[in-house]
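> Provided below are the primary sequence and the corresponding predicted coordinates.
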Amino acid sequence: MKMFKRLTGMGVILALAAMMLSACGQGGGSSNSNAAGNTEAPKAEAPKTETAAPQAGSLEEIKKRGKFVAGVKYDTFLFGFKNPTSGQVEGFDVDMAKAIAKKIFGDETKLELKEVTSKTRIPMLQNGDIDAIIATMTITDERKQQVDFSDVYFKAGQSLLVKKGSPIKSVTDIKKGTKVLGAKGSTSVKNIREKAPEATVLEFDNYQDAFAALKAGQGDVLTTDNAILYGMAKQDPNFEVVGGNFTDEPYGIAVKKGDTELQQLINDVIKSMQESGEYDKLYEQWMGVKPSK
C-alpha cells in the first residue's frame, strides 16, 4: 500500500510538471507573443504609391496650364522692352517666345511674359515662376551647372557704349579711375573686371538704370553685349558703340536642368525658323541688319 501511494504521488507530480512545460512552450517561446499567450500576426506593409505629378516647366505641365510662361527683360531695347506708349513688351526675345508658344499650342497668344533681370532670372526659373529664360542670356560653363541651354539663337559680343567725343575708343583705354557701368549678375561685369582690373565697376539692377547713370555723368562707359548697346544708341544718338567686340557672347534660351523635352522643342523652333528664313526677317526687323553667317 505504501509503495502504491508513493507511485501515485509521483504520477501526480510528473503530470503537473508536464502541464507546466506545455504552458511555457505555448506562451514564452515567440517574440510576437503577448501576456495572454496570443501571437500577433506580422503587419503587412501598405503598398507604395508613386505620384506622377508633371515636373514644373515640362511640356505636360505647360499644356495643362494652357500657356507658356517666358522670362524676358523689360529694360533691354530691341530684345525685351516695355513700350511706354503702348505698355506692351516688345523685342527680338519676345518674338522668340511667341514662336515657342505657337509651336506648343498653335497660337502665339497663349503666352505670359514675366519680367526678369540678370540677377533674378535663374532663381525664377528654378522656383518654377517661369518655364524658360529668353533674356539676352549668354551661354557659359558656369551657368550650365544651373540650367540647360538651347542651341545658340543669337550671336553677340561684349562692347562699350560712350558719349560721343569720349577719349575711350576701346577696352585698352579703360584705366585706373575709369568708372565702368554694368548690370548685376551679368557676364559683362565679370569680363570687364578681367580685361580692366584697375577700373571702378558700378553695378545696377538693370540696363536702363545703368544707361540713365551714364547719361547723368555718373560713369564714363557702359559695357554689355553689343546688341543691347546698339539699342541704347538708337534711343539716344548722343552715344555710340566703340571698340568692336572683345568677347564672344552667344545667347541661349534656358530651361530647368533635365527638362530635355522642352529644350528639344525650343531647338526645333530655332532650327525651323532658320531654315524657313523667318529668323533672318526677325533679326533684320529688330537689329536693322542681316545676321552674320
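That came through fine. Residues are numbered from 1 along each chain as shown.
> in PDB, could you pull the C-alpha coordinates for stretch 246-266?
Only the C-alpha atoms of stretch 246-266 are listed here, as PDB (Å, rounded to 0.1, in the frame of the first residue of the first chain):
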ATOM      1  CA  PHE A 246      36.200  91.900 -77.200                       C
ATOM      2  CA  THR A 247      34.400  88.700 -76.200                       C
ATOM      3  CA  ASP A 248      32.200  86.000 -77.800                       C
ATOM      4  CA  GLU A 249      28.800  86.000 -76.100                       C
ATOM      5  CA  PRO A 250      26.400  83.500 -77.700                       C
ATOM      6  CA  TYR A 251      22.800  83.700 -76.300                       C
ATOM      7  CA  GLY A 252      20.800  80.700 -75.400                       C
ATOM      8  CA  ILE A 253      17.300  80.000 -74.100                       C
ATOM      9  CA  ALA A 254      17.500  78.400 -70.700                       C
ATOM     10  CA  VAL A 255      15.200  75.700 -69.200                       C
ATOM     11  CA  LYS A 256      15.400  73.800 -65.900                       C
ATOM     12  CA  LYS A 257      18.100  71.200 -65.600                       C
ATOM     13  CA  GLY A 258      16.800  67.900 -67.000                       C
ATOM     14  CA  ASP A 259      13.800  69.400 -68.900                       C
ATOM     15  CA  THR A 260      15.000  67.800 -72.100                       C
ATOM     16  CA  GLU A 261      11.600  67.700 -73.800                       C
ATOM     17  CA  LEU A 262      11.100  71.500 -73.700                       C
ATOM     18  CA  GLN A 263      14.800  72.000 -74.600                       C
ATOM     19  CA  GLN A 264      14.400  69.900 -77.700                       C
ATOM     20  CA  LEU A 265      11.100  71.700 -78.700                       C
ATOM     21  CA  ILE A 266      12.900  75.000 -78.500                       C
END
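> pLDDT on that stretch, on average?
For stretch 246-266, mean pLDDT rounds to 96.
> list the buried ones in that stretch?
Going by neighbour count (16 or more other Cβ atoms under 10 Å), the buried part of stretch 246-266 is 246-247, 249-256, 259, 262-263, 265-266. To be clear about C-beta, it is placed using only N, CA and C from the backbone, and glycine gets the same treatment.
> most widely separated two among those?
Taking Cβ to Cβ, the two most distant members of these are 246 and 265; they sit 34.3 Å apart.
> mind checking pLDDT for the closest residue to residue 282 other than its chain neighbours?
Among residues not flanking residue 282 along the chain, residue 95 sits closest, at 5.6 Å (Cβ to Cβ, 6 or more residues apart in numbering). As predicted, residue 95 sits at a pLDDT of 98.
> what are the phi and psi values at residue 95?
Residue 95 adopts backbone torsions of phi -70, psi -30, taken as degrees, to the nearest 10.
> now it: how far from residue 151?
Separation of residue 95 from residue 151 (Cβ to Cβ, to the nearest Å): 17 Å.
> who has more neighbours, the two?
Counted by other Cβ atoms under 10 Å, residue 95 and residue 151 do not tie: residue 95 has more neighbours, with 19 against 16.
> can you pull the pLDDT of residue 176?
With respect to pLDDT, residue 176 has a value of 96.
> any idea how far it lies from residue 209?
Plainly put, residue 176 is 25 Å away from residue 209 if you go by Cβ to Cβ.
> contact partners for the nearest residue to residue 246 once chain neighbours are set aside?
Spatial nearest neighbour of residue 246, chain neighbours left out: residue 171 (5.0 Å); criterion: Cβ to Cβ, 6+ apart. Applying Cβ atoms under 8 Å, 6 or more residues apart in numbering to residue 171 gives the contacts 160, 192, 195-196, 243, 246.
> cool, residue 195 as well?
Contact analysis of residue 195 by Cβ under 8 Å, 6+ apart lists 171, 174, 246.
> now do it against residue 203, distance only.
Per Cβ to Cβ, residue 195 is found 16 Å from residue 203.
> likewise for residue 80?
Distance from residue 80 to residue 203, counting by Cβ to Cβ: 20 Å.
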